[in-house]
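K.L.:
Attaching a predicted model along with its sequence, questions to come.
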Amino acid sequence: MLKLENVQAGYGNIIAIKDISLEIEKGEIVTLIGANGAGKTTTLMTISGVVRCRSGRIMLNTTEIQGMTPDQIVKMGVCQVPEGRHIFPMLSVRENLDMGAFMRRDKSKIREDIDYVYSLFPILKERRNQDGGTLSGGEQQMLAMSRALMARPEVMLLDEPSMGLAPLIIKQIFQIIKKINSESNTTIFLVEQNANQALQIADRGYVIESGDISLTGSAKSLLDNQDIQKAYLGI
């Protein structure tokens, strides 16, 4: 469903990702793990069109999307939940959700989707009139994910959803990611430094080091890999 072929991207004279190739099938959860600065976020930002793809191809189904603007890519069905959440702090929870559906015109379906995200995260329904900036970190992550869901994405790009959260909230967030995938068949590309949590829910994984894919395999095989255990799982 989503395929990168020899993709290169960076900032100014810095090449952050070097000829990356990977693919994600429809309905999969695929994770990209690696150390800070390895190129994980740049990979997602390049797929989203925020960072320019300098060479290579990014395919969504049969359509090349490299070179498209971020809003065009969202319309194609790819939506990113950015690192650090980046909700609209001065807007209410409900207004943040409305922003997620900004490009949609099917009002009756929008209402259904609001009810759906409230069922996933009941606390957001309780706080629907509260400004986003007054929510806790965990609640803001729930809101960022819900805002992305309001676009009805075929592919959801999640960037470090566990960052800065308490262990109990992290467990809840990952359970919801799995639930979103299983209930709506939403394809999920998960970038995460918490490799253990990511591999526990993923179907497959890629390891990125210094802008290159160094290893790929099933989530179980990566969990059992001694080098991965030493480098990323603290075993």
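P.N.:
Thanks, I have the structure now. Owing to the predicted nature of the structure, the values given are computational and were not obtained by experimental measurement. Residues are numbered from 1 along each chain as shown.

K.L.:
residues contacting the residue nearest to the spatial centre of the chain?
P.N.:
Among the residues of the chain, the one closest to the centroid is L158, at 1.4 Å (CA atoms, centre = their mean). Residues counted as contacts of L158 (CB atoms under 8 Å, 6 or more residues apart in numbering) are 80-81, 145, 177, 188-192. Glycine gets a C-beta too; all of them are placed from N, C-alpha and C.

K.L.:
ok, now which ones touch the residue nearest to I169 when sequence neighbours are not counted?
P.N.:
Excluding its sequence neighbours, the residue lying closest to I169 (CB to CB, 6 or more residues apart in numbering) is G138, at 3.8 Å. Going by CB under 8 Å, 6+ apart, G138 touches 165-166, 169, 172-173.

K.L.:
Just the buried ones from those?
P.N.:
The neighbour-count test (16 or more other CB atoms under 10 Å) applied to the contacts of G138 identifies 165, 169, 172-173 as buried.

K.L.:
Does E209 touch I33 like I think?
P.N.:
No: contact criterion CB atoms under 8 Å: E209 and I33 do not qualify, at 10.0 Å.

K.L.:
And the two? Which one has more around it.
P.N.:
Ranked by neighbour count (other CB atoms under 10 Å), E209 and I33 place I33 first, with 26 against 13.

K.L.:
For Q172, identify the helix or strand it belongs to.
P.N.:
helix 167-184 (DSSP states H and E).

K.L.:
Please name every helix or strand in contact with whichever helix or strand comes after that helix.
P.N.:
The element immediately downstream of helix 167-184 (helix or strand, assigned by DSSP H and E) is strand 187-191. Contact here means 3 or more CB pairs under 8 Å, 6 or more residues apart in numbering; DSSP states H and E; on that basis strand 187-191 packs against strand 29-33, helix 40-48, strand 155-159, helix 167-184.

K.L.:
Specify the stretch among the ones you listed that is closest to I228.
P.N.:
Across these, I228 has its closest neighbour in strand 29-33 (8.0 Å, CB to CB).

K.L.:
Give me the buried positions along the closest one.
P.N.:
By neighbour count with 16+ other CB under 10 Å, strand 29-33 contains the buried residues 29-33.

K.L.:
Do a quick rundown of the helices in the chain.
P.N.:
Along the chain, counting by DSSP state H, helices occupy 40-48, 70-76, 93-100, 107-120, 122-126, 137-149, 167-184, 195-201, 219-224, 226-232.

K.L.:
Show me what the third one is packed up against.
P.N.:
In other words, helix 93-100. Against helix 93-100 (3+ CB pairs under 8 Å, 6+ apart) you get helix 107-120, helix 137-149.

K.L.:
Which one of the ones you listed lies nearest to V93?
P.N.:
Closest among the helices and strands packed on helix 93-100, using CB to CB: helix 137-149, at 6.0 Å.

K.L.:
Next, the angle helix 167-184 makes with that closest one.
P.N.:
On the basis of axes from the mean of the first three to the mean of the last three CA atoms, to 10 degrees, helix 137-149 is oriented at 20 degrees to helix 167-184.

K.L.:
Next, the angle from helix 137-149 to strand 155-159.
P.N.:
160 degrees.

K.L.:
quick one: helix 137-149 to helix 93-100, angle?
P.N.:
Helix 137-149 and helix 93-100 are oriented at 40 degrees to each other (the same axes, to 10 degrees).

K.L.:
residues of helix 137-149 that come out buried?
P.N.:
For helix 137-149, burial by neighbour count (16+ other CB under 10 Å) applies to 138-149.

K.L.:
Equivalent analysis for stretch 72-85, please.
P.N.:
Residues 73-74, 76-83, 85 are the ones in stretch 72-85 that count as buried (16+ other CB under 10 Å).

K.L.:
Many thanks, I have nothing further to ask.
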